[in-house]
Structure formats: C-alpha cells, structure tokens
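# got a sequence here, can you build the structure:
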Amino acid sequence: MTRPIRTGSVMGMCRSIKTLRPPFTEHVSSEDTRAAALQYVRKVSGFRQPAAHNQAAFDQAVAIIASATDDLLLHLEVRGSKSGLGSSS
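Next up, the predicted model:
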C-alpha cells in the first residue's frame with residue numbers, strides 16, 4: 001500500500017535536514033549523521049519523543065539509519081574528488 005506524500009515538505013522529506021556532503025558540508029561527524037537520522041525518524045514516526053514502550057524501536061531505527069547514512073557517504077563519489085567522501089567521528 002502506498003502512502004500519500006504530505007504537503008509542506010520537499011518531495012515528502014523534511015526540509016531542514018541538511019545535506020551531508022561536499023560542497024555543502026566539508027566534514028561530517030558521527031554526530032551529524034545521528035542528528036539527521038534522529039530527525040528523519042521523528043518525521044516518519046510523527047513523534048518528537050516516543051513513549052517508553054516505543055523507545056527501543058525508535059533508538060534502533062535511529063542507529064540503523066545513521067549507519068546506513070555513514071555507509072552511503074563513505075561510498076558516494078563526487079566528481080573531481082579522489083575517493084569516497086568518508087565519514088569520521
């Protein structure tokens with residue numbers, strides 16, 4: 001089942017999640033990727049802070065998305081760059 005894209009966002013995504021790759025961001029820390037993952041999970045779930053019974057699922061989603069983001073940034077290639085973007089703490 002497809003869910004409708006909510007209005008008030010750009011292509012269904014929160015507009016305030018910053019781009020985490022050059023030339024937009026020179027250095028990306030693990031805190032940057034975790035903050036973006038947290039914001040994404042908050043947007044998707046509709047909860048700023050989950051109830052106690054949802055906390056583990058919420059935290060797990062943030063960790064998985066942060067890890068996937070680190071992996072993505074590590075493997076992206078930007079034209080004119082010598083290697084992947086990498087991500088460090």
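
# shouldn't Asp70 be in contact with Asp32?
No - using CB atoms under 8 Å as the test, Asp70 is too far from Asp32 to be in contact (9.8 Å). The way it works is simple: take the backbone N, C-alpha and C, and place the C-beta from them, glycine included.

# select the longest helix from the chain.
The longest helix of the chain (DSSP state H) is helix 55-75.

# would you mark the buried spots in it?
For helix 55-75, a neighbour-count test (16 or more other CB atoms under 10 Å) marks Phe58, Ala61, Val62, Ile65, Ala66, Thr69, Asp70, Leu73 as buried.

# where are the low-confidence patches of this structure?
Counting by pLDDT under 70, the low-confidence segments of the chain come to 1-17, 21-25, 81-89.

# where do the helices sit along it?
30-45, 55-75.

# tabulate those (JSON lines), appending distance to Thr19.
Shown next, in JSON lines, are these (distance: least, CB to CB, whole Å):
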{"stretch": "helix 30-45", "distance to Thr19": "9"}
{"stretch": "helix 55-75", "distance to Thr19": "11"}
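
# looking at the ones you listed, which is nearest to Lys18?
helix 30-45 (7.2 Å; CB to CB).

# what packs against the closest one?
If contacts are counted by 3 or more CB pairs under 8 Å, 6 or more residues apart in numbering; DSSP states H and E, helix 30-45 sits against helix 55-75.

# tilt between the helix it packs on and helix 30-45?
On the basis of axes from the mean of the first three to the mean of the last three CA atoms, to 10 degrees, helix 55-75 is oriented at 130 degrees to helix 30-45.

# for helix 55-75, name the packing helices and strands.
By 3+ CB pairs under 8 Å, 6+ apart, helix 55-75 packs against helix 30-45.
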